[in-house]
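**Student:** sequence unknown, structure follows:
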């Protein structure tokens, strides 16, 4: 088992270094993109103030933001503040970006986690059913469903759900993660959950097709393998084979894929949060983009890259722990 | 046919074909086993010999009913005097009929070896398995290893153990010995002999004729998906004159100690089989009759042969 | 014989689908930009006169939807074309260039895949000052990766082929080999990749305009129409949300199917599964 720990440490260190270089690159690219924008953040900021601003005041703001410094210096200024944990102040919300990210990420995390578990569960189950009934009617129907669903944009599905479940059936509220007019501290976990169901369901429906089709393929490979042939020769029946050999051999690839899909998950949550007016990072980042809130845009982008990277690293580590075949290759 | 009551397994006129899809929708039948016969009595080891592609492993799958879905089986398959139907196959495999597969690829790569040998039937035969592993010379920690950690010889012994742990009346061993040391191979074959002496039966699929002859009672020689001869094992030790089919004689001559003489020509592929006797194109004794119709099975000197001229 | 018939059938079906798509596109383009409505007809549910109903300004939603579809298809086509050309360029460079170039390109792909695409598009759109240019670059920038990887693999495989090695031995230049051996093989790959990318690009375009980062409101891309519909959904106006969205989904499915068929016609081996 010492080998396992050593190997995992190695994967962890290699991945950490990769994540750091990746984040550095993302920070530079993001900064360049934001700096290249013809949209003037100061003007947007002043417009947001809603009051007239004298040229002197404007110069003061520009000075405070460092707009007139050369970009390289500005980058290093931003970076050194970032390393101190200061992501700057959001022009839109007038609060530190770090606070906004922390608060909204919790909301987004709840949403993404629900959707992730749900889509993983549904996708894996559907994939197993498709694999077991390969090329028969249940498989054919489910495969069609998967293809159709992957052609539906998240936001439209969200709109339709909103229409059906919130407007017509009135089972769910139309938006916000808590009831309007109630103080944030008083929102109970149940009320939060209640507001979470519809967006989470929308988001999970969008991503289950991928995992289902992948699981179907993997299960088909397993069922065609010689060890399943031998299991059948020993008298194991279809579902017994799925339980004893199928799950064992396809669960890990499915889980890995699920961890590697954090980018799609985050991207999907941006859409879902906007449709359901859910106060997470996704609605914050689109608001930041629309209102030229540069610090928030930078912060969320960097954070999303970190989020995706953590997912990828988890996938790699998982592979290292569970798959003995990988052990041999490494060992 | 009055022997039918005593036979454990009786196969005749067996054919196996696969539906293949050429060019998208074009459907063709590919016959890989034809006119095959094999009889197994309790208490004996029947070796099935033949080069690769002669249908040896497919026979094992056909008996167990684990051929792929596009395969069609025709002919007579009787076990203990009763037809071996799909339902019976399902009930018998792993209990009365056990398979020893060819290679480590038949073990689940992600399941520890001990649990795999124990199988899925409860109660698990764990204590018996431990003793058996010991007898087969497998180290103590073997049960905790994954298949990829086994050496070739260890893997074979684990595979053999899966069959020995059942109370099977009939064991079909598909090339059980390659990769083992001679000693290990002898031990494994001795165990099969022991089983047979206790009234069970073993079909030993092999291309190692020497080893087969050493332990088997009879040898069935396969060629291009059919049985050309069933000989008594000692016949192979006596020499070509004791054998009944030109192919068996050629096989004998191809053995290292008998001159290593190769047979001219190739075994025909499924889908391109000649009419009449399948061996005719390579046969030194062929006549027009051979290419016209498949010769019937004849009993000669306690063995059986599918040849017009075999004597 | 049957094989030929089946292929012919697929070809006919493919041409038929293309004609439908082109017709939809042409129909949308012919609709004037401002199919003005009147407030007298505002917020009407679907009827014979207005099959998709009318929006809050009394504009006919059927016309607006098809106009929007054609705008989205234009953007989708342009973006996937840019993306596909870029992918070929990068893929060939990665496979045919030095190890360092290959490593660098893989690193860039890692970066692009490492940021959620929606966020990257928002960022690029912001950098380009929103509008058409931002939309095009944003969608193009996020779609080339998988095709580039595919082409890289293909080129690597081709390069190891014997006849390419023979050409090299014969002293043909790298560029000659590229032009005579590699590009002809990549043609079908490129085209199929392009068509398969197209529906994704359209969906992406719709998503981005839905968020408000797309074209200006005067050019009603399909995402914009759906975004506007959100405002009235609470009041039970279902048709501006449902019908244009359904049209979008159906057209995307049609293009998807077209891509599959094209692949079957051009590359029958890879289409088996």
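**Tutor:** Okay, I see it. Bear in mind that the values here come from a model prediction, so they are computed numbers and not experimental data.
**Student:** in stretch C:215-229, what counts as buried?
**Tutor:** Going by neighbour count (16 or more other CB atoms under 10 Å in any protein chain shown), the buried part of stretch C:215-229 is C:215, C:219, C:220, C:221, C:222, C:223, C:224, C:225, C:226, C:227, C:228, C:229. The C-beta positions use only the backbone N, C-alpha and C, and glycine is treated the same way.
**Student:** repeat for stretch A:235-250
**Tutor:** Here stretch A:235-250 shows A:235, A:236, A:241, A:242, A:244, A:245, A:246, A:247, A:248, A:249, A:250 as buried, counting by 16+ other CB under 10 Å.
**Student:** separation between the closest residue to residue C:238 other than its chain neighbours and residue A:111?
**Tutor:** Excluding the flanking residues, the one nearest residue C:238 by CB to CB, 6 or more residues apart in numbering or on different chains is residue A:163, at 5.4 Å. Remark: distance between residue A:163 and residue A:111 (CB to CB, to the nearest Å) = 20 Å.
**Student:** neighbour count winner among those two?
**Tutor:** Of the pair residue A:163 and residue A:111, residue A:111 is the one with more neighbours under other CB atoms under 10 Å in any protein chain shown, namely 28 against 20.
**Student:** residue B:42 contacts residue B:202, doesn't it?
**Tutor:** No: in this structure residue B:42 lies outside contact range of residue B:202 using CB atoms under 8 Å: 10.5 Å.
**Student:** those two: which has the busier surroundings?
**Tutor:** When residue B:42 is set against residue B:202 and neighbours are counted by other CB under 10 Å, the residue ahead is residue B:202, at 28 against 16.
**Student:** what's the more buried one in contact with, if anything?
**Tutor:** For residue B:202, the contact set (CB atoms under 8 Å, 6 or more residues apart in numbering or on different chains) comprises B:44, B:45, B:46, B:170, B:171, B:172, B:173, B:192, B:195, B:196.
**Student:** wasn't it part of a helix?
**Tutor:** No: in this structure, residue B:202 is strand, not part of a helix, as judged by DSSP: H, G, I helix; E, B strand; the rest coil.
**Student:** what's opposite it in the beta bridge?
**Tutor:** Counting by DSSP bridges, residue B:202 is bridged to residue B:45, residue B:171.
**Student:** distance from the strand or helix carrying residue C:143 to the middle of the chain?
**Tutor:** Following DSSP states H and E, one finds residue C:143 within helix C:131-159. A distance of 12 Å separates the centroid of the chain from that of helix C:131-159, by CA atoms, centre = their mean, to the nearest Å.
**Student:** that one close to chain A?
**Tutor:** No: figure legend: helix C:131-159 not in contact with chain A (CB under 8 Å from any CB of the partner chain); closest approach 9.3 Å.
**Student:** immediately after that helix, which helix or strand?
**Tutor:** Next helix or strand after helix C:131-159 toward the C-terminus (DSSP H and E): helix C:162-169.
**Student:** where does the chain have low pLDDT?
**Tutor:** Because you didn't say which chain, this covers chain A. Chain A contains residues with pLDDT under 70 at A:1-3, A:48-51, A:65-66, A:174-188, A:322-331.
**Student:** should've been chain C
**Tutor:** Looking at chain C by pLDDT under 70, you get C:1-5, C:33-39, C:267-273.
**Student:** helices of that one, residue ranges please.
**Tutor:** For chain C, applying DSSP state H gives helices covering C:2-30, C:61-96, C:99-114, C:117-127, C:131-159, C:162-169, C:174-177, C:183-211, C:222-233, C:239-266.
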